[in-house]
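> Could you work out the structure for the sequence below:
(chains A, B, C and D, ligands or ions: 4)
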Number of protein chains: 2
Amino acid sequence: MINYTDILRQHNLKATPQRLAITDVLYVQGHITIESLYKVMVKKFNSISLATIYKNINLMLENSFIQEVKIPHAKSVYELTKENHSHFACEKCGEIQDIIIDLDNIINEVARTNTFKINSSDLVLSGLCKNCQQN
Amino acid sequence: MINYTDILRQHNLKATPQRLAITDVLYVQGHITIESLYKVMVKKFNSISLATIYKNINLMLENSFIQEVKIPHAKSVYELTKENHSHFACEKCGEIQDIIIDLDNIINEVARTNTFKINSSDLVLSGLCKNCQQN
DNA sequence: TATTAAAAGATAATTATTATCCTTTAAGTT
DNA sequence: AACTTAAAGGATAATAATTATCTTTTAATA
Ligand SMILES: [Mn+2]
Ligand SMILES: [Mn+2]
Ligand SMILES: [Zn+2]
Ligand SMILES: [Zn+2]
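Residues are numbered from 1 along each chain as shown, chains lettered A, B, ... in the order given. Ligands and ions are numbered 1, 2, ... in the order given. Here you go, the predicted model:
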């Protein structure tokens, strides 16, 4: 288990056992829904409250310690903040994968031909993962 | 008001006055949240039920007559199905604009270097619209 | 015009999320 | 190591969002 105590504190978050466990789950799983996170956490803290999950997810979002990823036709997943990246979502099994895609050219081109100022981009590609292509 | 009666029927949807009005609102507004749609519809049908909004939105989604667009840090908006396109979302005023972006090169490149099969892409650029850049 | 399956409206039920309140605790301070 | 305290956790009530149920109405077809 990676030690995230200092990183939590840098984000103005007390390093409680529950938060360290949430962080570890996010680190190990990569992307997870609220519902799944709660189920995993209950195994570690049998009396944890769902409210604790929500409160922490919201705080961590506010402090940019984690990010929400909205997936078409599915529930949002949450992940530790890292370098900008896009996502692939399997329509069959629900797996989410990170993809590094350089969108600079596209964004620059869009910025050049439009009036708005672009601060960020969110790209999700949907389809079938390797496993689900076979079965 | 455009006549969407036949188009609704082609999607196996009875052309009720409520549905024609929803369609007209979507046509005129472009992108709209459930909440806003309900407020607009109540002006036209003062006794319309919120359940009617939800049932119709869900049916129209199932029949691909409309699409849901998930926006980061904001509520989903709904729009009439049209040719593939991306979106710009203003972080300040919430305005949503269509953008035509050719993602074929990127998608082909991603498909070439990865194992998954891509069926669709969803791209949302966020930032400030022209108006909100000034104020 | 009569028939009927589907849709609308009213509202109950369920699910998702947030708020409240009391207890516990992390993180400093002595 | 004990003391202090604001913050966090747990229990649960409250609210918001969405879906289900049931009765009445109506679009579509004959
Ligand atoms: Mn990711
Ligand atoms: Mn659009
Ligand atoms: Zn899969
Ligand atoms: Zn704006």
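> Confirm that A:His87 sits in a helix.
No - checked against DSSP: H, G, I helix; E, B strand; the rest coil, A:His87 lies outside a helix; its state is strand.
> Go ahead and confirm it touches A:Gly127.
No - with contact defined as C-beta atoms under 8 Å, A:His87 does not count as touching A:Gly127 (11.5 Å). Bear in mind the C-beta positions are built from the backbone N, C-alpha and C, glycine included.
> Give me the contact list for the longest strand along chain A.
In chain A, taking DSSP state E as the definition, the longest strand is strand A:117-128. For strand A:117-128, contacts defined as C-beta atoms under 8 Å, 6 or more residues apart in numbering or on different chains pick out A:69-73, A:84, A:86-92, A:99, A:101, A:103, A:107, A:110-111, B:72, B:88, B:91, B:107, B:110, B:116-128, B:133.
> make it 7 Å
Applying C-beta atoms under 7 Å, 6 or more residues apart in numbering or on different chains, the external contacts of strand A:117-128 come out as A:71-72, A:86-92, A:101, A:103, A:107, A:110-111, B:72, B:91, B:107, B:110, B:116-128, B:133.
> Likewise for stretch A:41-55?
Residues outside stretch A:41-55 that contact it (C-beta under 7 Å, 6+ apart): A:Gln18, A:Ala21, A:Ile22, A:Val25, A:Ile34, A:Leu37, A:Tyr38.
> among the residues you listed, which ones are buried?
A:Gln18, A:Ala21, A:Ile22, A:Val25, A:Ile34, A:Leu37, A:Tyr38 (16 or more other C-beta atoms under 10 Å in any protein chain shown).
> show me what contacts the fourth one?
What it means is A:Val25. Per C-beta under 7 Å, 6+ apart, neighbours of A:Val25: A:Ile32, A:Leu37, A:Val40, A:Met41.
> Narrow these to those in helices?
Among these, the residues falling in helices (DSSP state H) are A:Leu37, A:Val40, A:Met41.
> what residues does chain A put near DNA strand D?
A:13-14, A:16, A:18-19, A:45, A:47-52, A:55-56, A:59 (C-beta under 7 Å from any atom of the strand).
> Which pair of those spans the longest distance?
A:Leu13 and A:Ser47 (21.2 Å; C-beta to C-beta).
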